[in-house]
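Trainee: Build me a model from this:
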Amino acid sequence: HSQFNDLRRCGCSVVSCTEDGQLIFGVDFPLIGEVQTVPRGELFCIVLLIANADEMATIHYVTDNQKVSESYNQGPLAGARSANCDLYLQLFKTCLEKRIKLTVRWMPFHLKLSDPRPTGVSDTDIKSNGHADILAGNAAARAKIP
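Mentor: Next up is the predicted model:
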């Protein structure tokens, strides 16, 4: 029911994969809260990851949501101007408090290994995104309103 804002329920996932794209671990969960949008779900995944990361961790995060990547990389002021400013505030604050080095990089969604791709998008990125999409789909199905 993604076309109906009041019925939409987003699934979220975070995965870690080996360099050859094999799943090491993955977690999936429904997006919490009343605002159910894909960008908010993508951003919430990063916030949750950082909240659970060790202090002084170095994290390289790949998202298939270009706006989330752009807003994060433009810094706290851009995040403050976002509709999801509450999550950006939490993200930047937690990174600062925990001294986490976070890089966020974008890749197009639903790429296949045979597809042309932007510079910097690896086979690992494509395989990992596939794992994340499956898990997020499972979470969305569990959260669906009858």
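
Trainee: what's the longest helix in the chain?
Mentor: For the chain, the helix with the greatest residue count under DSSP state H is helix 123-143.

Trainee: Give me the nearest residue to Asp64, chain neighbours excluded.
Mentor: For Asp64, ignoring the flanking residues on the chain, the nearest one in space by Cβ to Cβ, 6 or more residues apart in numbering is Phe109 at 3.7 Å. From N, CA and C alone the C-beta is placed, and that goes for glycine too.

Trainee: May I have the residues that are in contact with that neighbour?
Mentor: Residues near Phe109 by Cβ atoms under 8 Å, 6 or more residues apart in numbering: Asp64, Asn65, Asn129, Asp133.

Trainee: hey, where'd the strands end up in the chain?
Mentor: If DSSP state E is used as the criterion, the strands of the chain fall at 11-17, 23-30, 58-63, 101-106.

Trainee: Could you check the third one and say which residues are buried?
Mentor: To tie it back to what came earlier, the one meant is strand 58-63. Of all the residues in strand 58-63, those buried under the rule 16 or more other Cβ atoms under 10 Å are Tyr61, Val62, Thr63.
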